[in-house]
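Asks: need a structure here:
(one chain, ligands or ions: 1)
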Amino acid sequence: MSEFDELRLTAESCTRCPLAATRTNVVFGAGRPDSELMFVGEAPGRNEDLEGVPFVGRAGQLLDQLLDEVGIERETVYIANVLKCRPPNNRDPQPHEIDACKGYLRSQIRLIHPRVVVTLGNFATKLLLNTTTGITRLRGRAYPWWLGASLIPTFHPAAALRGKPAVLESMRADFRLMREAIDASRAAEAAESEAQPESVPEQATLWR
Ligand code: URA
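Replies: Predicted structure coming up:
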């Protein structure tokens, strides 16, 4: 079994915080574990708790639409949350719940090793950028981050559903930035491997 599947199994029987008692399903994450692009949301809502899959409600539909606008399909990305279990009545995640759960997210990111991580909303952004600054000030740019990835903070899709059209327009701009960051990272890697071939061709080694 892969390390990623082992991690999922461990999370699925987690009792590290009291949310274990009220959840229907652990929502570990969904998508490709080798994806170049990872999204991190806040916590499962009602639909996610019932289905065990992140972003299946209205916020998820908006996420799919924004992805589609920059030519990316949901099946090709990985989506996770800060919390793997639903807080009752969709209340905010509590600091002790985030502390108990953050090791799973850290391991997911380490194993997926994406080029770009997009944080959706304040909870994911503050945790992953280790800051108390709010999303409105942080969004609109890419931050060089852990393991060579870029981190791009944006609003939570639920905020765009509730908020003014300007929130959605800001998200669109951030998704374009995300697309550019993925393309730039691919191009940089291609240029690097052209400059330094990974291995000496077999024939050449005969003449050493
Ligand atoms: N909101 C989140 O932050 N995550 C989900 O999975 C669904 C809604």
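Asks: CA atoms for contacts and neighbours, from now on please.
Replies: OK.
Asks: Low-confidence bits of the protein, can you list those?
Replies: 198-208 (pLDDT under 70).
Asks: try 50 this time
Replies: The chain contains residues with pLDDT under 50 at 204-208.
Asks: Mind listing the residues bridging to the residue nearest the centre of the chain?
Replies: Centroid-nearest residue in the chain: Phe39, 2.3 Å away (criterion: CA atoms, centre = their mean). Here Phe39 sits in beta bridges with Ile79, Val118, going by DSSP bridges.
Asks: Tell me how far it lies from Arg16.
Replies: Counting by CA to CA, to the nearest Å, the gap from Phe39 to Arg16 is 23 Å.
Asks: Likewise for Met38?
Replies: Counting by CA to CA, the gap from Met38 to Arg16 is 24 Å.
Asks: The closest residue to Gly31 other than its chain neighbours and Arg162: what is the separation?
Replies: Leaving aside its sequence neighbours, Gly31 sits nearest to Tyr78 (CA to CA, 6 or more residues apart in numbering; 4.3 Å). From Tyr78 across to Arg162, the span is 25 Å (CA to CA).
Asks: Could you do Pro197 as well?
Replies: Counting by CA to CA, the gap from Pro197 to Arg162 is 51 Å.
Asks: ditto for Leu151
Replies: 25 Å.
Asks: repeat for Leu83
Replies: 22 Å.
Asks: Which positions in the protein make contact with the ligand?
Replies: Neighbours of the ligand within the chain, by CA under 6 Å from any ligand atom: Gly41, Glu42, Ala43, Pro44, Gly45, Glu48, Pro54, Phe55, Ala59, Asn81.
Asks: does the first one really touch Thr154, like I thought?
Replies: Translated: Gly41. No. In this structure, Gly41 is not within contact of Thr154 by CA atoms under 8 Å, at 10.2 Å.
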